[in-house]
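Trainee: The sequence and its predicted three-dimensional model are supplied below.
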Amino acid sequence: MIMTKNRILLSCLSLILITSSCKKDLDVSNDNLPTIGSTSNEPGLISLAGGSIYRNGFFDLKSSDGVYGRFWAGATGFHEMMGDVIGVEAANAYINQIGCPNKVTWDNGTVVSNPSAVNTQYNLLRSVNLASQQGSNPAFYEWAYMYNMIVAANTILDINATVKYSGDLPSKKATIQAWAYWWKGYAYARIGSIYYAGLIQNVAVKEGVITATNGNYVTKEAIIVESNANFDKAVAALTAVTSVADYKEILGKIIPDFCQQGKGGVFSIDEWKRNVNTMKARNLLVNTPLALMTTTQWNTILTLTSAGILSGDFIFTGRTDPNGDFLGTTIADKIQSSATATGTYKLSERWIQEFRAGDQRRANNVRTLNNGIGLFNTDRGNSFNTRYSLRNRGLGLAGVITYANTDAGANEISLCGTYEENELMKAEALIKLGSQAQIDQAVALIDAVRTYQGAGLPATALGLTQAAAYEELRRERRIGLAFKGLSFYDARRWDIIDPSKSRTGCVLITPAGVVNTNATINYGFLDYWDVPGNELTYNPASATSAPVVNPKK
Amino acid sequence: MRKIAILIAVLFCSTAAVFAQTTIKGKITDSKDGTPIAGASIKVRGENKLTISNSDGTFEIVTRSSKILDVSEIGHFSQTVTYSGTGNLIINLTADAKALSEVVVTGVGVATSKKKLAFAVESVNISNQTKVATGDVGQQLVGQIAGAQISSTNGSPGAPLNILLRGINSINRSTNPMILIDGLQVGATDLNSIDLNIIDKVEVVQGAAAATIYGAQGANGVIQLFTKKAKGGKVNIDVSSSVTSNELLNIGNVSKAKFHAFATNAAGEVTSSGGTVLAFDPYYGSYNANVGYSALSPTSYANKPYDKNLLYYDHDKMFLQKGYAFNNSIAISGSKEKMDFLIAASTNKQNSNFKGNGGFERSNLTTNFGVEIFKNLKFRSVTQLVYTKNTLNDATGRGIVYALNNTRPFANYDYKDADGNYGIYVGDAAGVNGQNPNYTNQYSSTLDRKVDVIQNFNLNYKLNRFVELDAKYGINYQTQQIEYRYENQEFNVNAGDQQFWISNYNPNASADATGEIDNIADRTTFQNFLATATIRTDFQSDFHLKIPIKTTTQIAYDYRKNKFSRFYAYGYDAPVYFPWNASQAGVYKVVSDYNEPFATYGLLANQRFEYGDIGGVSVGIRSDKASTFGRGAKSQTFPRGDAYLNISKFNFWQNAAIAKTFTDFKLRAAFGSAGIQPRPFDRFYRLGAANLGVRNSFTFPITSPDPDIQVEVSKEIEFGTDLGFKLAKTGNWFNNLNLALTYWDRKTENAIYEVDAAPSTGSGLLRKNAFSLGSNGIQASLNLNVLNSKKTTWDFTANFSKQTSKILSINGQEVVVTSAAGSSNYVLRPGEKVGQLYGFLILKAVDQLDPITGLPFISKADQALYEVASNGYVVNKTTKQPKSSPGQYSFGDPNPNFNMSFINNFTYKGFLSLNIQWDWVSGSHLYNQTKSWMYRDGIHADYANPITISGQTQAYTAFYRGIYQAGANNGTKDYFYEDASFLRLRNIAIAFDFAKFFKIKFASRMQLVVSGRNLVTSTKYTGYDPEVSSGASNSAFDRGVDHNTIPNTKSYTIGLNIGF
């Protein structure tokens, strides 16, 4: 009896033992997400081509926070801070300090120095440009987003080489190539326009292996060359497209549906090529100090912009979308506020002062704070007290551009070149080339830009002097191209950011709320940032590398 | 083996049949209260006869000739009884209170007396302790486990504890130990969900040396809970009920400055910098302007009272309330010969210490049923059902405390507008980080419901006296449903004016006024199967050899499987009307639809030899495979070994005079290794998937995994000694003193963490086996029977823990991690302690030297511009601002130097008892980020403290604001890094038993208990509570920041325990 029971018991036990020891239980997998193998067909690669460029390039980063946000509010926002379009009170990632001038002189002669513990922007950037600062290092963002984009583009090209497409295979392959080269061109353009040196990175992501990099840093000039070379490859790929229908089919799937409205859409091959020319003109213009521009260079600008974006062309745009987008929020949306609040980003008095009287863009968008004046902590530099903020959704004036609109999908921003930028570059070249006819032609272009944005200003009189015309151009670049991450480029090339230089005639509010109209601001901002410590610590410069630190002290 | 055993058994049986036999029947009971003692062994002297008492204490044994029985039970003094020949024997055993006599199973697998243990196992009998009001097992154990650091780091109801057993062994995963109930892992249910009332005893093994038998999941140590079983005999009914009042501690007297430095006009009214008199707009519920305030001006003094247009409101009074906790429990138990049962139910209900912030309640139902199916085959089933409902709108409470501590005191948050609504923000005047918690409570609510099932089955078969087979299977299931609601806020005038609304998963560019609903459904199913075969031999009795050797062989198979899934959806643009549900939301989206499987299994073999009472040695090995192991899925083996020598059992010792005083002296040593599993998906490379509009798109992950990832392995060695003294030979005082002392040293290799990758690789982080960590420490416990007279007993226990962990090496660069509490950076750097904070130094001497360069921070030429102010800090004589180092330096290890607890238990005549526990944490530090933030807008009470600079005494705001700004705004600085050592009266409880006092027959117990918790704290820390930490619960490194964390509560409890 006992023996039988034993046997039953033992058999039961062994049975449980055997059945439950199945090794296959260990063979789990993460079935929540796609693998890199999921990208090896046409729809897979299309999904990657959109997601990796837009999200890895503009949105997904290990650091970032709700105060400065992602690429299109943070990394580009830093440019607007240093371009004195916006100021910030919040201290996250030192954003209250990267736009804090070295010195401010009031109308009454009172001098207020940068009150920060590290009291120059040069020293601040150097003291926080450390890997150990992680996401607190403002120099980290643009670098990391753009190399994400470059590696994504490399991978798209790599996979594209083996994907079997339906329809016209060469045309589809070429479309994908154009897409990847375009964004590589764009990413190198941004890197070369803000960092003193950069890396040429041609390695693609392979499953489970971290992408290799190299320590051969090259000069910012070489990065711009690389940018243009990629733009040229994009054009070559576009030229190779024979089946426009297949091209449009692919592009129509890559560009998110919510961006295919307004100025965004599936552009024609020629439209895209014109976008390339505008970007190449930008590469030249923003990386050359105004005083050093040669006639040859102005002529190059003229040539490129003459083949650049037209007013009716589709451009690269971004919007928010409740289902998911790549912006999160925009610079302008961070400046909007209602009656009492001032917004995370504060609108600079120096930006407001650029408006010509009667400009409908100001009427539509700029709101005077209910309190009269927004005054912020005095230890934040005194320079960004303001009477203004942006009006959410604008006043609704017909035909006038609206800067801020927090409704999902309502605010369209441009990601790359625009008609306005193209025309203003063209106008600047014409002014600098200098004949009265060219100046008059330039003034007309400036007016056209104003009309395009609904400024409602009367046409500028012809026969302006070169200086007067340039002042119109300067103001229009400040206003017409604001909130796009371009403002610092202008401040730099116009040579007002060097510690030895200053901007006079500034409107400035003192901590006591006194409005100054002829204050002087010594910005003292570094023209090109050092390569971020977040890169150098893990990827030190090789012996033959170009200098990674801007020699300016 | 089995055949031999059967053969021997048959031999014995047949031999026995030849002789005349007597059957002795009897019952074993406890001398104190007559409760039956199960599991006592009854041996017939001179015969190889042995039996074990049943659950109701009864036994039956057949003898040939001898009438002398040796009765023994661990936990009681042995007794020898002579059978008179008639009737049933009633044998009363006296309890042996000595800790060394306890029996433990955790870490050993086989029940072993502590006397024969070669490593430290802490055990606490909590069944008779006064229970903590939170009903949390972890809370109950605070201070009671020698060697462990168990900290109550957040005073919110239901908040988890920080449990650190031996050192920090993982950075990837927490310091959380594994929780077992009756031998099976509880893989889904939180420790604080388990009913404290059904726990009899807790055992804790702390390191790899003892936890090797748990293999790849044992390295953080094990806390094993043993459920109560019916004591036997008649049916018992135990009822307990208690009510507790809780009040948040504010040890450091955190408060807001009574005086301000805002611009004022001639009438003393606060104005804007432009001269506008500040006025509250009753329509918008906000101020008409910002205050004029030049915090950095050397002539700005915080010396003006709030007595004109701005008044001082005490926000603590406005928002804090007394919290109450109610605990009720009932347990019915009984047993009869082959069966025992226990049914217990309990409820715990607590409300928040913040007005309108909801509460927390938990109900537990437990059944415990044991039966002997046939001889030697026992079956037991323990079923626990737990229902937890949490309506805390701010679960950690930190949001509320932060909002209040960053609001200047003139904001009247009790103000309601004409529509009866609270405003969210009174304007920048009261501080840009302030926000009205009343608004949050008006417009949002939380409903978090959780059902836990813990079902354990155990089948145990004693095949014969050599072989015991045991199979355990446990299934632990948890389902949690969380709902967050945000009502439509479009009609709130203040919020509309300030463009400031609340939401949780807002899909728009900035928060909107429309309502939201979030539904989160989590499910965890954890299974554990454990089959064990134990073979015991006794060379003397089994093989008639004259050597006193006993062997125990244990072979086990252990299988664990977990499945976690989450479905998370939100609805947005909810309607303006009320009521509504998710189906009426305008936008609906699934945020997460996630499944995470995990499986592991292992084989264990352990061989143990004992030589009499003198010594023992054991060796073992465990081999595991797991779904988390990287490519190749090689198995991981964990070896172990231990030995002990009981010197006091040698004849030379026992014969020596010293043995009379120094009764026990044991030396022990153990080594072992155990693992910490990688996270379930640590090894898989997966793309991300993100919606771009209506289309799905693929993204590259921010973190690159390592497909070859390996289990984290912790290797430990420990040495210890157990000492027993009989201090007084006669009399009632100082009878016994036991001291257990253990030194341990361990090293974790392959610790997984995400190290930074160069951004140009397109990756943010690289997850790999990057770290090597080292820890060592001492744990000690002392038990003293101070007094043991007929009327009075007084037991004293002291527990000691000292431990330290450092990073030995990193495969890559140092890693900087930001505290979950905010912007404080921890740096993980080789050669340094885990969890050090880095920050700026505020100078304390004008000629202070840079510790790295050796050069003065202030150049000689400039030193004349500075002086040391009356508060000890260097200030600029002109600006009145402090001076900080330009760079950042380590502040040292924030973890304590040691923890100690002192526990006194007094009883008088069995009806009166008193328990007092003091906890002492020495050398711990906290970064007082609460204070740092309160310095930002001139809010902290310190602002009104005058200091003397250049002979002038003023409440210089430039100094205090200068501190906040020094180095970097909101940067970490040593000024806020404080000593958080403390001595705390953790517990004091007085119990009076009416049943015993009045000798009431029908009740076994009628006890009234009055207790207090955290009544006294002595500390230098200037925050609310030196025990808190704002880091993620059980974080390996994030243990040194206090950022508006809810302090513990001072509580008073009155309770009644009745037993029938």
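Mentor: All right, it came through fine.

Trainee: contacts, neighbours, all on C-alpha from now
Mentor: Fine.

Trainee: Would you enumerate the residues in contact with the closest residue to residue B:882 other than its chain neighbours?
Mentor: Setting aside the residues directly before and after it, residue B:882 is nearest to residue B:875 in space (C-alpha to C-alpha, 6 or more residues apart in numbering or on different chains), at 4.2 Å. Residues near residue B:875 by C-alpha atoms under 8 Å, 6 or more residues apart in numbering or on different chains: B:866-869, B:881-883, B:949, B:959.

Trainee: so, if you compare the residues you listed, which one comes nearest to chain A?
Mentor: Compare each of the contacts of residue B:875 with chain A using C-alpha to the nearest C-alpha and the shortest gap goes to residue B:883, at 8.5 Å.

Trainee: Check what pLDDT that closest one gets.
Mentor: In the prediction, the pLDDT value recorded for residue B:883 is 94.

Trainee: now do residue B:736
Mentor: Each residue has a pLDDT score; the one for residue B:736 is 87.

Trainee: try the one 5 residues further on
Mentor: For residue B:741, the model assigns a pLDDT of 96.

Trainee: residues near it, how many?
Mentor: Residues near residue B:741, counting by other C-alpha atoms under 10 Å in any protein chain shown, number 20.

Trainee: before we move on, back to that, could you pull up the mean pLDDT of the host helix or strand of the residue nearest to residue B:882?
Mentor: Assignment of secondary structure by DSSP states H and E places residue B:875 within strand B:874-876. Strand B:874-876 shows an average pLDDT of 96 in the prediction.

Trainee: Determine the next helix or strand in the C-terminal direction from that strand.
Mentor: On the C-terminal side of strand B:874-876, the closest following helix or strand by DSSP H and E is strand B:889-890.

Trainee: Walk me through which strands that next one pairs with, and which way each runs.
Mentor: Taking DSSP bridges as the criterion, strand B:889-890 forms sheet pairs with strand B:836-839 (antiparallel).

Trainee: Can the next helix or strand after the strand it pairs with be said to contact chain A?
Mentor: Following the chain from strand B:836-839 toward its C-terminal end, the next helix or strand by DSSP H and E is strand B:866-868. No: using C-alpha under 8 Å from any C-alpha of the partner chain, we find that strand B:866-868 stays clear of chain A, coming within 15.2 Å at best.

Trainee: hmm, stretch B:807-817 touching chain A?
Mentor: Yes: taking C-alpha under 8 Å from any C-alpha as the criterion, stretch B:807-817 and chain A are in contact, through B:813, B:815-816.

Trainee: CA atoms only for that stretch, dumped as PDB, please.
Mentor: Extracted in PDB, the C-alpha atoms of stretch B:807-817 (Å, rounded to 0.1, in the frame of the first residue of the first chain):
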ATOM      1  CA  ILE B 807      32.700  51.300  -7.200                       C
ATOM      2  CA  LEU B 808      35.800  49.200  -7.900                       C
ATOM      3  CA  SER B 809      35.900  49.700 -11.600                       C
ATOM      4  CA  ILE B 810      33.900  50.800 -14.600                       C
ATOM      5  CA  ASN B 811      34.300  49.500 -18.100                       C
ATOM      6  CA  GLY B 812      34.100  52.900 -19.600                       C
ATOM      7  CA  GLN B 813      33.900  56.400 -18.400                       C
ATOM      8  CA  GLU B 814      32.400  57.600 -15.100                       C
ATOM      9  CA  VAL B 815      28.600  57.800 -15.100                       C
ATOM     10  CA  VAL B 816      26.600  60.800 -14.000                       C
ATOM     11  CA  VAL B 817      23.100  60.100 -12.900                       C
END
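
Trainee: pretty sure residue B:334 is in a helix, no?
Mentor: No: the assignment for residue B:334 (DSSP: H, G, I helix; E, B strand; the rest coil) gives strand, which keeps it out of a helix.

Trainee: Quick check: closest non-adjacent residue to it.
Mentor: For residue B:334, the nearest residue in space outside its immediate sequence neighbours is residue B:235; the separation is 4.2 Å by C-alpha to C-alpha, 6+ apart.

Trainee: neighbours of the one you found, just the number please.
Mentor: Neighbours of residue B:235 under the rule other C-alpha under 10 Å: 17.

Trainee: Just want to check the distance between it and chain A.
Mentor: Counting by C-alpha to the nearest C-alpha, to the nearest Å, the separation of residue B:235 from chain A is 32 Å.

Trainee: State the pLDDT value of the residue of the stretch 801-950 of chain B found nearest chain A.
Mentor: In the stretch 801-950 of chain B, the residue found nearest to chain A is residue B:816; the distance is 5.6 Å by C-alpha to the nearest C-alpha. Here, the pLDDT recorded for residue B:816 equals 73.

Trainee: max-length helix in chain A?
Mentor: helix A:169-192 (DSSP state H).

Trainee: What is the subsequent helix or strand relative to that helix?
Mentor: strand A:197-198.

Trainee: What is that following strand packed up against?
Mentor: Taking 3 or more C-alpha pairs under 8 Å, 6 or more residues apart in numbering or on different chains; DSSP states H and E as contact, the helices and strands that strand A:197-198 lies on are strand A:218-219, helix A:220-240.

Trainee: Now mean neighbour count, distance to residue A:388 and mean pLDDT too, for these, in CSV please.
Mentor: Output for the helices and strands packed on strand A:197-198, formatted as CSV (neighbours: other C-alpha atoms under 10 Å in any protein chain shown; distance: least, C-alpha to C-alpha, whole Å; pLDDT from 0 to 100):
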stretch, mean neighbour count, distance to residue A:388, mean pLDDT
strand A:218-219, 20, 40, 98
helix A:220-240, 22, 37, 98
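
Trainee: Turn these into a markdown table, columns for distance to chain B.
Mentor: Written out in a markdown table, the entries for these read as follows (distance: least, C-alpha to the nearest C-alpha, whole Å):
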| stretch | distance to chain B |
| --- | --- |
| strand A:218-219 | 14 |
| helix A:220-240 | 14 |
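
Trainee: can you pull out the helices in the stretch 51-200 of chain A?
Mentor: Here the stretch 51-200 of chain A has its helices, by DSSP state H, counting those that start in this stretch, at A:57-58, A:76-82, A:95-98, A:121-128, A:139-160, A:169-192.

Trainee: How about the residue in the stretch 201-350 of chain B that chain A sits nearest to: what's its closest non-neighbour residue?
Mentor: Among the residues of the stretch 201-350 of chain B, residue B:273 lies nearest to chain A; the distance is 4.6 Å by C-alpha to the nearest C-alpha. Taking C-alpha to C-alpha, 6+ apart, and ignoring the residues beside it in sequence, residue B:273 has residue B:292 as its nearest neighbour in space, at 3.8 Å.

Trainee: before we move on, which element is that neighbour in?
Mentor: Taking DSSP H and E as the criterion, residue B:292 maps to no regular element, lying outside all helices and strands.

Trainee: Below-threshold pLDDT in chain B: ranges please.
Mentor: With pLDDT under 70 as the threshold, chain B has low-confidence stretches at B:1-20, B:31-34, B:48, B:55, B:74-77, B:95-101, B:232-233, B:507-511, B:632-633, B:818-824.

Trainee: wait, which of the helices and strands packed on strand A:197-198 is closest to residue B:143?
Mentor: For those, proximity to residue B:143 was assessed by C-alpha to C-alpha; strand A:218-219 is nearest, at 60.2 Å.

Trainee: Can you tell me what sits against that closest one?
Mentor: By C-alpha under 8 Å, 6+ apart, the residues outside strand A:218-219 that reach it are A:196-200, A:545-547.

Trainee: now do 7 Å
Mentor: When contacts are taken as C-alpha atoms under 7 Å, 6 or more residues apart in numbering or on different chains, the neighbours of strand A:218-219 outside the stretch itself are A:196-199, A:545-546.

Trainee: what separates that strand from the chain centre, distance-wise?
Mentor: 21 Å (C-alpha atoms, centre = their mean, to the nearest Å).

Trainee: before we move on, what about stretch B:593-605?
Mentor: Chain-centre distance of stretch B:593-605: 24 Å, with C-alpha atoms, centre = their mean.
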